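In: Give me coordinates for this.
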Amino acid sequence: MRKKSILNRYKYNDGGRSKYYALKNVGDCVIRAIAIATERDYKEVVEDTWEFSKKYGCPINWKDVYIPYLESIGWEKVSSPKLKGRKAIAKDLPKGRYIMRQANHLSACVDNVPYDIWDTSNKMVYCYYRKKDL
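Out: Next comes the predicted model:
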């Protein structure tokens, strides 16, 4: 029986948070996912999303903030692939850089590999966000 490889199942990445803050488990999945997927600095993403948070009057991790923010930087929502018999997970997405919306969580995905502070490789992907093709 062949053993299932866990190589490249997920890659630990805090999105750059540790460069600025010593805190861990702070509920910043939105910031981390955006920073990783867009290859932007963590603190820059915090500052930019904070402006949207003030504008819309709700926390950064609410869809009412991060969706307009992503749209403002040229990202769009895409439905997850439809599969027979199961829900889509990270490995089912096309190659590229994405932000996956999962149950109560956002996670970055680069070439089918989740980048996060914990393994989200088997979490269902409801939809994902990608840079619009111009």
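
In: Surely E76 touches Y128?
Out: No. Here E76 does not reach Y128: they are 9.8 Å apart, not a contact under CB atoms under 8 Å. In this view, the C-beta of every residue, glycine as well, is placed from N, C-alpha and C.

In: In terms of packing, which of these two has more residues around it?
Out: Y128 (26 against 12; other CB atoms under 10 Å).

In: This protein: helices as residue ranges?
Out: 29-38, 42-56, 63-72 (DSSP state H).

In: Could you export the ones you listed as a markdown table, including mean pLDDT and distance to I99?
Out: What follows is these, written out as a markdown table (pLDDT from 0 to 100; distance: least, CB to CB, whole Å):
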| stretch | mean pLDDT | distance to I99 |
| --- | --- | --- |
| helix 29-38 | 97 | 5 |
| helix 42-56 | 93 | 11 |
| helix 63-72 | 94 | 7 |
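
In: how about the ones you listed, which one is nearest A90?
Out: The minimum distance between A90 and those falls on helix 29-38, with 12.2 Å, by CB to CB.

In: Nice, that's everything, thank you.
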